Structures are given as C-alpha cells and as structure tokens.
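> Quick check, what structure comes out for this input:
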Amino acid sequence: APHRPTVGALPVDPDDNVVAVFSGAVRKGRWRAGRRIHAYAVFGSVEIDLSEALFDHQQVVVKSFAIFGSVEIRVPENVSLRGTGSGVLGSFEVDTLDSGDPQAPIVYVDGWAVLGSVEARPRRGKVVADILDRVERKVDRSLRKHLGH
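Numbering: from 1, shown residues only. As a prediction, this is how the structure comes out:
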C-alpha cells in the first residue's frame, strides 16, 4: 500500500468529526467510515474503533490532533494501516500493517500530538482472542491444580 493517499481521492472537508475537550469521545461499533475523519483531543481522549466499521471507500484518512490529550485508533487485521505524523513532547505511534488482499481498505493516520499521544494499532481478531482465552484458562486450571487450590 502507498504511504500517502492518492491525490484527489479524498475530500478536503471531513465526513466525521470526533471531538473531546476536557472529556472523552468514542466512535465504535457498527458504523460507516467516511473517507476523511478528524479527531481532536484537547485535555481529553478520543477513541476511534474501526474494527466493526463498514468501509465504503478503499482509502480512509484519520487526521488526529492531540493537545494534552490522547487519540487511540483501532483497525481490523484485514486492512492496511499507514501513518505519518509527529509528537512534540508527546508520542505519535502507528503500527504499520499490510493486508494480504490488494483490494483491502487502507487507513492513513496523519496529524500530531503536543504533550499528548496519538496511537494507531490493529485490533486482534476474535479467533485469536478466543484461542488466547482458552490457553489462559487451561494454564490457570493447571496452576491451581499444581498448587492444590
């Protein structure tokens, strides 16, 4: 996937604004992700979970601005994830992800963090989470059995 969105593929104005000023804002569940999403966190926190979102477009840009706040973005494992941004006395972290499917959506995270944080990571799939839960339960049972509890 390219590291920048295709020129002219995205509108200038955002389709969605998620704003948190001295508060929290969450966008998750089943929803249609627009081509451009703006997230503003000023002394607050914004959570954007795209793991159950419907993608009508191949390219989605999330512009993130965190000032003394945090923006957390989660994407499903079957999309590509790219990011460019910076932090000033803060952190801007994007875990780059490549989808095996060339037609998969590409999520670009762009922006900056001033004394705050912007984080974008893939969300673990339910199958993997279920396997890990089962392994953890089995280890707990064997540990309790071993310790006599």
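> can you list the residues that contact stretch 109-125?
Stretch 109-125 is contacted by residues 39, 41, 49, 51, 61-77, 81-95, 97, 107 when judged by CB atoms under 8 Å, 6 or more residues apart in numbering. For the C-beta atoms, the positions are set from N, CA and C on the backbone; glycine is no exception.
> could you redo the last one with a cut-off of 6 Å?
51, 62-75, 77, 83-95, 97 (CB atoms under 6 Å, 6 or more residues apart in numbering).
> Now the buried members of these.
Neighbour-count burial (16 or more other CB atoms under 10 Å) applied to these gives 51, 62-67, 69-75, 83, 85, 87, 90, 92, 94, 97.
> Among the residues you listed, which ones are in helices?
Taking DSSP state H, every one of the buried ones among the contacts of stretch 109-125 sits outside helices.
> Report the rounded mean pLDDT for the stretch of helix or strand Val135 belongs to.
According to DSSP states H and E, Val135 maps onto helix 126-147. Average pLDDT, helix 126-147: 72.
> can you check stretch 95-115 too?
91.
> Distance from the chain centre to that stretch, please.
Centroid separation for stretch 95-115 versus its chain: 8 Å, with CA atoms, centre = their mean, to the nearest Å.
> Start and end of that stretch, how far apart?
For stretch 95-115, the first and last residues are 20 Å from each other (CA to CA, to the nearest Å).
> mind listing what's buried in it?
Buried residues in stretch 95-115 (16+ other CB under 10 Å): Leu97, Ser99, Ala104, Pro105, Ile106, Val107, Tyr108, Val109, Asp110, Gly111, Trp112, Ala113.
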